[in-house]
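Structural data only, the sequence is not supplied:
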């Protein structure tokens with residue numbers, strides 16, 4: 001006896017378009033920025049420690065430019 005397999009995509013609602021052909025494959029994440037300066041190239045996902053270090057470095061860089 002074989003068990004039928006099925007793949008469920010989207011939320012399962014028949015009125016929603018989240019599983020349709022126009023649905024994005026992955027939610028777009030905004031690139032973190034400090035005062036409009038992006039901390040890394042789009043598409044990268046650094047870990048939280050690296051992101052924190054990038055933010056501190058950018059804040060220090062911006063402070064140095066002001067002086």
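Perfect, thanks for sending it. The shown structure was predicted, so the numbers you read here are calculated from the model rather than taken from an experiment.

list the buried ones in stretch 28-41?
By 16 or more other C-beta atoms under 10 Å, the buried positions in stretch 28-41 come out as residue 39. Backbone N, C-alpha and C define where each C-beta goes, glycine included.

meant to ask about stretch 52-67
Applying 16+ other C-beta under 10 Å to stretch 52-67 flags 54, 58 as buried.

State the mean pLDDT of that stretch.
When pLDDT is averaged along stretch 52-67, the result is 96.

mind checking the SS state of residue 64?
Counting by DSSP: H, G, I helix; E, B strand; the rest coil, the backbone at residue 64 sits in helix.

mind checking how far it is from residue 46?
Counting by C-beta to C-beta, to the nearest Å, the gap between residue 64 and residue 46 amounts to 22 Å.

same thing with residue 38?
In terms of C-beta to C-beta, residue 38 sits 12 Å off from residue 46.

Quick one: low-confidence residue ranges for this protein.
1-10, 12-15, 17-27 (pLDDT under 70).

Spell out, range by range, the strands that occur in it.
33-34, 37-38 (DSSP state E).

For the first one, which outside residues touch it?
By C-beta atoms under 8 Å, 6 or more residues apart in numbering, the list of residues contacting strand 33-34 from outside reads 39, 55, 58, 59, 62.

again, but for the last one
For strand 37-38, contacts defined as C-beta under 8 Å, 6+ apart pick out 31, 32, 58, 62.

List just the nearest of those to residue 50.
For the contacts of strand 37-38, the residue nearest residue 50 by C-beta to C-beta is residue 32; the value is 10.9 Å.

and the nearest residue to that closest one once chain neighbours are set aside, what does it touch?
Spatial nearest neighbour of residue 32, chain neighbours left out: residue 39 (4.8 Å); criterion: C-beta to C-beta, 6 or more residues apart in numbering. Contact partners of residue 39, counting by C-beta under 8 Å, 6+ apart, are 31, 32, 33, 51, 54, 55, 58.
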